[in-house]
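Colleague: Just a sequence and a predicted model for now, questions to come.
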Amino acid sequence: QVQLVESGGGLVQAGDSLRLSCVASGDTTCITAMVWYRQLPGDQRDLVAAAPRDGPIFYAASMKERFTISRDTAKNSVYLQMSSLQPEDTAVYYCKADAALEPRCGPNRDYWGQGTQVTVSS
């Protein structure tokens, strides 16, 4: 089992920056990637960026310009630095951990945090 706790969301003005954090606990050696998603009001949950344990960082189209994902393996954490925020970035931001396909890691492949609300006012 893996537990994820996000933090850092809040209400900001257009043009501001914000840094989200996600800390993993539990069977952290099972984590193969840590990923940020966001869910806009009334919309589906979309991938923002991914930081694999072994492999290059990946950004969804249009996210790379203003968003930066980073990972601190020693702290079992992943961060999302967001700059030049706009009202259309208003969403709940979720952290997801992908788990290894190994018997010791259990049947779950994905673990989700509870989400953190980011609201950008114009």
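Modeller: The structure has been received and is ready for your questions. Model, not experiment: these values are computed from the prediction.

Colleague: measure residue 38 to residue 75 for me?
Modeller: 22 Å (CB to CB, to the nearest Å). No exception for glycine: its C-beta is placed from N, CA and C like everyone else's.

Colleague: Looking only at neighbour counts, state which of the two leads.
Modeller: Under the criterion of other CB atoms under 10 Å, the comparison of residue 38 against residue 75 puts residue 38 first, with 25 against 12.

Colleague: who does the more buried one bridge with?
Modeller: On the basis of DSSP bridges, residue 38 is bridged to residue 46, residue 93.

Colleague: Phi, psi for the residue located most distally from the centre of the chain please.
Modeller: In the chain, the greatest distance from the average C-alpha position (CA atoms, centre = their mean) is reached by residue 103, at 25.6 Å. The phi and psi torsions at residue 103 (degrees, to the nearest 10) take the values phi -60, psi -40.

Colleague: Please name the residues that touch it.
Modeller: For residue 103, the set of contacting residues under the criterion of CB atoms under 8 Å, 6 or more residues apart in numbering is empty.

Colleague: Kindly report the same for residue 73.
Modeller: Counting by CB under 8 Å, 6+ apart, residue 73 has contacts residue 53.

Colleague: Where does pLDDT dip in the chain?
Modeller: Under the criterion of pLDDT under 70, none of the chain is flagged as low confidence.

Colleague: So which residue is dead centre in it?
Modeller: Taking CA atoms, centre = their mean as the criterion, residue 36 is the residue nearest the geometric centre of the chain, at 2.3 Å.

Colleague: in the chain, which spans are helices?
Modeller: For the chain, applying DSSP state H gives no helices.

Colleague: still on that earlier bit, so the residue nearest to the centre of the chain touches residue 57, yeah?
Modeller: No. The pair formed by residue 36 and residue 57 falls short of the contact definition of CB atoms under 8 Å, at 10.9 Å.
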